[in-house]
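Colleague: sequence unavailable; structure follows:
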């Protein structure tokens, strides 16, 4: 059997700009080479933190609900919104709890700390090892292509509009070179006072 993480396809990328951060995903849900849906977003918002989940679609849906529950509990218990750094540790510990029968996902967390106003991104492996980054993190079936595009296009201190253009071009060009990703894209650009969500039209083949 093939790798469970690549059965349903899907790709995700996050990038840091100047006082802003962006996270984007494709919209495809597949069953290996068969495309089932072109309306399967993989990014979920939890207060100030955004979680991107690629991998096995059942685990993506399950984990998004698990984190919704855990973040709601955190908000009630702490009486404050969860910050991206705290949320990243929550993701890590939740995945590590199941290390002997792991969730087949590759999460990415992005957000802006409401106190320091610093952008924050990180990635994880399927048992919760955190990969901190100052520039970009990628995940999913087109991660190799995304690495190449991001290395070529990303620059330090991009403004929000330039960051949107950069992450969109990286995502669209990478998923055009991967048969298991594509069929539309969704990009969030997060600054300290607003979140802009955009849907991108792409090739539907």
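Modeller: That came in fine, so what should we check first? These numbers come from a predicted model, not from an experiment.
Colleague: low-confidence stretches in this structure?
Modeller: 1 (pLDDT under 70).
Colleague: let's see it at 90
Modeller: Along the chain, segments meeting pLDDT under 90 span 1-2, 204-205.
Colleague: so which residues of it form helices?
Modeller: 57-78, 84-97, 143-153, 160-175 (DSSP state H).
Colleague: out of these, which one sits most buried?
Modeller: helix 160-175 (a mean of 21; mean count of other Cβ atoms under 10 Å). C-beta here means a position set from N, CA and C on the backbone, and glycine is covered the same way.
Colleague: so how far is that helix from its chain's centroid?
Modeller: Averaging C-alpha positions (Cα atoms, centre = their mean, to the nearest Å) puts helix 160-175 14 Å from its chain's average.
Colleague: how about residues contacting that helix?
Modeller: With contacts defined as Cβ atoms under 8 Å, 6 or more residues apart in numbering, helix 160-175 is touched by 11, 13, 15, 17, 20-26, 142, 145-146, 148-150, 153-155, 158, 181-182, 185, 187, 189, 191, 196, 198, 200, 202.
Colleague: now list the buried members of these.
Modeller: 11, 13, 15, 17, 20-26, 142, 145-146, 148-150, 153-154, 158, 181-182, 185, 187, 189, 191, 202 (16 or more other Cβ atoms under 10 Å).
Colleague: for the most centrally placed residue in the chain, what are its contacts?
Modeller: By Cα atoms, centre = their mean, the mean C-alpha position of the chain lies nearest to residue 52, the distance being 2.6 Å. Applying Cβ under 8 Å, 6+ apart to residue 52 gives the contacts 12, 14, 23, 25, 42, 43, 44, 107, 108, 109, 110, 139.
Colleague: so of the contacts of helix 160-175, which ones are in strands?
Modeller: Using DSSP state E, the members of the contacts of helix 160-175 that fall in strands are 11, 13, 15, 20-26, 185, 187, 189, 191, 196, 198, 200.
Colleague: using CSV, lay out the helices of the chain together with distance to residue 5.
Modeller: Converted to CSV, the helices of the chain look like this (distance: least, Cβ to Cβ, whole Å):
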stretch, distance to residue 5
helix 57-78, 9
helix 84-97, 13
helix 143-153, 10
helix 160-175, 16
